[in-house]
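# Kindly return the folded structure for what I paste below:
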Amino acid sequence: MSDLFTTPAALTDKPNPAEPLAARMRPRSIGEVAGQQHILAEGKLLRRAIESDRFTSLIFYGPPGTGKTTLASVIARTTGSRFESLNGVESNVAEIRAKIDQARTWRELRGETTILFIDEIHRFNKAQQDVLLPHIERGVVRFIGATTHNPYFHVNSPLVSRSQIFQLEPVPVDDVVSVLKRAIADEERGLGLIKIEAVPEALHHLAEKSDGDVRKALTALELAILTTPEDDGWVKLTLEVAEESIQRKAVVYDTDGDAHYDTASAFIKSIRGSDPDAALYWLAKMLHAGEDPRFISRRLVISASEDIGLADSNALRVAMDAHQALEFVGMPEGRIPLAHATVYLATSPKSNTAYMALSRAMTDVESGRTLAVPPHLRTKTRKKLAAASGETEENMRYLYSHDYEGAYVPQAYLPEGRVYYQAGEQGLEKRIKERLDFWRSQMGEQK
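Residues are numbered from 1 along each chain as shown. Reported below is the predicted structural model:
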């Protein structure tokens, strides 16, 4: 813990050789931050706010290794602020209050501002988050939070409402490669004192397999360089060495976070878009990451009715069969019926007419006047009551469809003749449209 006579470790310029390469290469200025040009490019809101020192509270969210902690420390350097940090997993209310008391002392005695950075802010409970609020409002500290979860769902609303939210994206491959090259060349913080011969394919592999995580790429680079024997005074970073150092890529996937919902969304949208290859990829990603296969099968059942619908009603049966087969055989073989259903749905004709028709009817029910059941459709008991109230026999006469040719007779089933279902012309629904058009024409002639 820093005091009035020490500088927080995060802001010291002298690198600690005992630290991992990823820590030593942490950016010190906005220009060194990899990626994030959508929020840090010249003229962007966050960059303007940092350079003009006009911000109060910020929350950064995004996948691991995208620079949330780094950006917080860069902001502290750029604005000349003290930097204090806490972790949402390890810290408690007492530690929060201690940091705030320190910040108040620094402000009163030396007029300096303190940035209080809280990593994994979503791990704080409501009481811990509420402790911060009055001190943020009074300007005792400037708060920066970091989370891998969407703050609109996982951080208390009062804290979100007092903060500007910025989403960090996985760092592009080319930007990760640039960081790796800088680490190899940097003699002060990086590996520049070692003679390294790195083939471009090796650096590209490290960057690509890091999945946008700069920390992961730097860790793999350090492992590769420090464990590879010298050859004639040089360490040769080949593609084979790079593959060994990063090993199998860990899929970024949190079962209750953005990656979970984004991947499921991509899966369903690929089915809706009739792209079986994309749908299979997202299915494979979810299975590889350990997603509950029943969650996937439920999504398939929903998609079968929402997106394929009446264009191929057999899709719902295929989805339900896949769900039941999964329950029957279990995993890993259960992935096979899931793939079967995924391809079937993705390659089926599409129609959402039944779903949209229900939405229109629901809107009328929820926002309009409730329609009374026509007298001729009521139960016998209700008809007797209607007759006692003066309703005519003709208005109460129900026509039994099966008594007529084609099992159809023109008859009103809604008092206002509303139309919700508009049949499409995809797949088998085209035949439904033909029948419905005929029936509706008969109703029109009756009128």
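# show me where pLDDT drops low in the stretch 251-400 of the chain?
Within the stretch 251-400 of the chain, the ranges that satisfy pLDDT under 70 run 251-257, 382-392.
# just the helices in it please.
Using DSSP state H, counting those that start in this stretch, the helices of the stretch 251-400 of the chain run over residues 258-272, 276-288, 293-303, 314-329, 335-346, 353-367, 380-388.
# Among those, show me which one is buried the most.
helix 335-346 (a mean of 21; mean count of other Cβ atoms under 10 Å). Just so you know, the C-beta spots here come from the backbone N, C-alpha and C atoms, and that holds for glycine as well.
# mind checking which of the helices of the stretch 251-400 of the chain is nearest Ser161?
In terms of Cβ to Cβ, the element of the helices of the stretch 251-400 of the chain nearest to Ser161 is helix 258-272, at 20.3 Å.
# Of the helices of the stretch 251-400 of the chain, which is nearest Glu416?
That would be helix 353-367 among the helices of the stretch 251-400 of the chain, by Cβ to Cβ, at 9.7 Å.
# can I get the helices of the stretch 251-400 of the chain in JSON lines with distance to Glu230?
Shown next, in JSON lines, are the helices of the stretch 251-400 of the chain (distance: least, Cβ to Cβ, whole Å):
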{"stretch": "helix 258-272", "distance to Glu230": "40"}
{"stretch": "helix 276-288", "distance to Glu230": "37"}
{"stretch": "helix 293-303", "distance to Glu230": "49"}
{"stretch": "helix 314-329", "distance to Glu230": "53"}
{"stretch": "helix 335-346", "distance to Glu230": "46"}
{"stretch": "helix 353-367", "distance to Glu230": "65"}
{"stretch": "helix 380-388", "distance to Glu230": "94"}
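# The most centrally placed residue in the chain and Lys68, how far apart?
Nearest to the geometric centre of the chain sits Asp258, at 2.7 Å (Cα atoms, centre = their mean). To Lys68, Asp258 is 14 Å away according to Cβ to Cβ, to the nearest Å.
# Quote the end-to-end distance of stretch 123-142.
19 Å (Cα to Cα, to the nearest Å).
# contacting residues around that stretch?
When contacts are defined by Cβ atoms under 8 Å, 6 or more residues apart in numbering, stretch 123-142 is touched by residues 55-57, 81, 84, 87-89, 91-93, 96-97, 99-100, 103-104, 107, 113-116, 118, 121, 143, 155-156, 158-159, 162.
# Which other helices and strands does the helix or strand harbouring Val74 contact?
Take DSSP states H and E as the rule and Val74 turns out to sit in helix 68-79. Here helix 68-79 touches helix 45-51, strand 58-61, strand 82-87, strand 114-119, strand 142-147, going by 3 or more Cβ pairs under 8 Å, 6 or more residues apart in numbering; DSSP states H and E.
# can we see that at 7 Å?
Judged by 3 or more Cβ pairs under 7 Å, 6 or more residues apart in numbering; DSSP states H and E, helix 68-79 is in contact with helix 45-51, strand 114-119, strand 142-147.
# Go through these and name the closest to Asp213.
Nearest of the helices and strands packed on helix 68-79 (Cβ to Cβ): strand 142-147, 14.4 Å.
# Please produce CSV containing the helices and strands packed on helix 68-79, extended by mean pLDDT, distance to Pro170 and mean neighbour count.
Below are the helices and strands packed on helix 68-79 laid out as CSV (pLDDT from 0 to 100; distance: least, Cβ to Cβ, whole Å; neighbours: other Cβ atoms under 10 Å):
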stretch, mean pLDDT, distance to Pro170, mean neighbour count
helix 45-51, 92, 18, 16
strand 114-119, 92, 18, 25
strand 142-147, 92, 15, 25
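# so which of the ones you listed comes closest to Glu327?
That would be strand 142-147 among the helices and strands packed on helix 68-79, by Cβ to Cβ, at 35.2 Å.
# what lines up beside that closest one in the sheet?
strand 58-61 (parallel), strand 114-119 (parallel) (DSSP bridges).
# and Tyr398, which of those strands is closest to it?
strand 58-61 (59.8 Å).
# Which residues does that closest one contact?
68, 71, 121, 144-151, 155, 160, 163-168 (Cβ atoms under 7 Å, 6 or more residues apart in numbering).
# Take the helices and strands packed on helix 68-79 and lay them out in CSV including distance to Val409.
CSV is the format used below for those (distance: least, Cβ to Cβ, whole Å):
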stretch, distance to Val409
helix 45-51, 65
strand 114-119, 70
strand 142-147, 62
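# Neighbours of Tyr152, how many?
Tyr152 sits with 11 neighbouring residues when counted by other Cβ atoms under 10 Å.
# Next one: it from His122, what distance?
The value you get for Tyr152 to His122, if Cβ to Cβ is used, is 11 Å.
# what's the answer for Ala412, then?
In terms of Cβ to Cβ, Ala412 sits 55 Å off from His122.
# Between those two, tell me which one has more neighbours.
Of the pair Ala412 and His122, His122 is the one with more neighbours under other Cβ under 10 Å, namely 21 against 13.
# per-residue pLDDT, the nearest residue to that one once chain neighbours are set aside?
Once flanking residues are discounted, His122 sits nearest to His154: 4.0 Å by Cβ to Cβ, 6 or more residues apart in numbering. pLDDT recorded at His154 is 86.
# in terms of contact, does His154 touch Ile121 like I think?
No. In this structure, His154 is not within contact of Ile121 by Cβ atoms under 7 Å, at 8.6 Å.
# So these two - more neighbours on which side?
Ile121 (28 against 17).
# Next up, phi/psi of the more buried one, please.
Note on Ile121: backbone dihedrals following degrees, to the nearest 10 are phi -60, psi -30.
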